[in-house]
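# here are the coordinates; sequence isn't available:
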């Protein structure tokens, strides 16, 4: 049996490399992946690949630098494919001038990548695994972390929907935060993660701290991952559809917004339903929120938001005053940091195509009434611009009073 054809794939985002490696391995190629461009040079010399797949935009060493190295190495004729989100004509032209064999623009499907690989170096005689269920997955040009707070979700967690989504959208990493559940939610989450450890994280809070704290801890945890471009949060009941969440991501990556927030505003063609009583209460609460924020956002409380990574610390570093309406505090913190006028320009409210109030949601009518009191607490703590130290001190005083 002839030796397997060897491929070296280089990209600073592991979420891009892992599905690519898996699919090429299934087709019979021997594949090595590397996220450190500097290390990839020594791997190239030792591995002697038949094909190199490389990204352009990487820290310290660019993909074009690697192309130059290979063209001046002992194997200058090695085929090189560029897989990149960089669409600048001058960069693409420079790549071909340096001798690349192909240039692929993200996003694109694994099917297309594999077809181009076969065209360049041929197909192995033996297919290791004929199961190509993930071959239609898309390689994205950005990587996104999603925090999903969970409290007693054993019976209603839509595991299949989450698994199908991460299988088809390779740029996503889901972080399920178990907020001190009293049922078997933690076991369900670990079962969900099994086999997809590179794309799903389970963050366990031993004690129930409320949705606000669960989201805050999850967001800060995901912010520690270097390969994520954006991080957001989403309700576990999927009242906001995952494809709708992806639309929020598309908006933030093609704009200068720092936060894109889903909005449950009815519009033609949208499937948005609420109980009538809840709708009336929501309208009243939203009126109060607009007065407190000094911002004319129509729906701050939608449980689907995506953030640019550089505002995570601003939004989530300190504990929130309330356990439920922390979204208001996020907007208020942005206003304190940037000024209200600037903050308004950095936050986008995007109507959802679908939002349904799921049966079994934790927020009751009684809880809705309590929100008015919680809004008063927020108005008091954030009544004027303070240093973060003073805000933290007042938050501690509020927590002490509540306890």
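Everything's here; your move. All values reported here derive from a predicted model rather than from experimental measurement.

# what ranges of this structure fall below the confidence cut-off?
Counting by pLDDT under 70, the chain has low-confidence residues at 1-2, 127-136, 265-286, 288, 291, 293, 354-369, 384-403.

# right, and residue 353 touches residue 245 too?
No: in this structure, residue 353 is not within contact of residue 245 by C-beta atoms under 8 Å, at 10.7 Å. For the C-beta atoms, the positions are set from N, CA and C on the backbone; glycine is no exception.

# more crowded one of those two?
Neighbour count, other C-beta atoms under 10 Å: between residue 353 and residue 245, residue 245 has more, with 25 against 16.

# Please name every helix or strand in contact with the helix or strand harbouring the more buried one.
Assigned by DSSP states H and E, residue 245 falls within helix 242-253. In this structure, helix 242-253 packs against helix 159-168, strand 230-234, strand 259-263, strand 304-308, strand 347-351, with contacts taken as 3 or more C-beta pairs under 8 Å, 6 or more residues apart in numbering; DSSP states H and E.

# and the direction of that helix versus that of strand 259-263, what angle?
Relative orientation of helix 242-253 and strand 259-263, computed by axes from the mean of the first three to the mean of the last three C-alpha atoms, to 10 degrees: 140 degrees.

# What residues sit buried inside helix 242-253?
Buried residues in helix 242-253, counted by 16 or more other C-beta atoms under 10 Å: 242, 244, 245, 246, 247, 248, 249, 252, 253.

# any idea how far the closest residue to the first one other than its chain neighbours lies from residue 138?
Sequence neighbours aside, residue 165 is the residue nearest to residue 242 in space, at 4.6 Å (criterion: C-beta to C-beta, 6 or more residues apart in numbering). Distance check for residue 165 against residue 138: by C-beta to C-beta, to the nearest Å, it reads 11 Å.

# the more surrounded of those two?
Shown here are residue 165 and residue 138; by other C-beta under 10 Å, residue 165 has more neighbours (20 against 17).

# measure that one to residue 153 for me?
Taken as C-beta to C-beta, the span from residue 165 to residue 153 is 16 Å.

# now do residue 142
Applying C-beta to C-beta to residue 142 and residue 153 gives a distance of 28 Å.

# just the helices in the stretch 201-350 of the chain please.
Counting by DSSP state H, counting those that start in this stretch, the stretch 201-350 of the chain has helices at residues 211-223, 242-253, 276-293, 312-316, 326-338, 340-346.

# Show me what the fourth one is in contact with.
Counting by C-beta atoms under 8 Å, 6 or more residues apart in numbering, helix 312-316 makes contact with 215, 216, 219, 220, 223, 231, 259, 307, 330, 333, 334, 337, all of which sit outside it.

# Who are the contact partners of the last one?
Contacts for residue 337 (C-beta under 8 Å, 6+ apart) come out as 314, 343.

# And it, how far from residue 318?
Noted for residue 337: a distance of 12 Å to residue 318, by C-beta to C-beta.

# burial count for residue 158?
Residue 158 is surrounded by 15 other residues when neighbours are defined as other C-beta under 10 Å.

# right, I mislabeled it, should have said residue 148
Residues near residue 148, counting by other C-beta under 10 Å, number 25.

# for residue 306, same thing?
Using other C-beta under 10 Å, residue 306 has 29 other residues around it.

# Return the set of residues that bridge with the closest residue to residue 230 other than its chain neighbours.
Leaving aside its chain neighbours, residue 230 sits nearest to residue 144 (5.0 Å; criterion: C-beta to C-beta, 6+ apart). According to DSSP bridges, the residues that bridge with residue 144 are residue 172, residue 230.

# Can you get me the start-to-end distance on stretch 27-39?
Length of stretch 27-39, first residue to last, C-alpha to C-alpha, to the nearest Å: 26 Å.

# No further questions, thank you.
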